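>>> sequence? don't have it. structure:
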């Protein structure tokens, strides 16, 4: 028996597929429409986590962008990634995300200072 993998289909079913994958399935897998999973449907954890080279195909960049956006906590769908240009995907997901600077906490205002007292109502 040859090598095989398990793939979660678009409907959520886990399907065992023999390798090599048909070209259409490989294409959908690389773009993120299908996901490689373990036999029980849990996420496959040995997936590559290195970004594709700049000269890789757009399909590779779509797949990378879908996975990377999920890791960054801002997931995008394969359709949304496919609608972007390859250059847009490289610019958005080809570099490490910039760290978000932390804003310092506001200084506490001492009790009785002018900032804590309510403004006086004008009298007529």
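Sure thing, it's come through. The structure presented is a predicted model; accordingly, all values stated were derived computationally and were not measured. Numbering: from 1, shown residues only.
>>> OK, contacts around the residue nearest to residue 63 when sequence neighbours are not counted?
Leaving aside its sequence neighbours, residue 63 sits nearest to residue 30 (C-beta to C-beta, 6 or more residues apart in numbering; 4.5 Å). Where you see a C-beta, it was placed from the backbone N, CA and C, and this is true even at glycine. Neighbour list for residue 30: 57, 59, 60, 62, 63 [criterion: C-beta atoms under 8 Å, 6 or more residues apart in numbering].
>>> mind checking which of the residues you listed are buried?
By neighbour count, with 16 or more other C-beta atoms under 10 Å, those hold 59, 60, 62, 63 as buried.
>>> quick one, longest helix in the chain?
helix 58-71 (DSSP state H).
>>> for that one, name the packing helices and strands.
helix 23-31, helix 78-83, helix 86-93 (3 or more C-beta pairs under 8 Å, 6 or more residues apart in numbering; DSSP states H and E).
>>> would CSV of the buried ones among the contacts of residue 30 with distance to residue 17 be doable?
Output for the buried ones among the contacts of residue 30, formatted as CSV (distance: C-beta to C-beta, whole Å):
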residue, distance to residue 17
59, 18
60, 19
62, 20
63, 16
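>>> save the helices and strands packed on helix 58-71 as TSV, and put in mean pLDDT and distance to residue 41 too.
Output for these, formatted as TSV (pLDDT from 0 to 100; distance: least, C-beta to C-beta, whole Å):
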stretch	mean pLDDT	distance to residue 41
helix 23-31	90	16
helix 78-83	92	19
helix 86-93	94	26
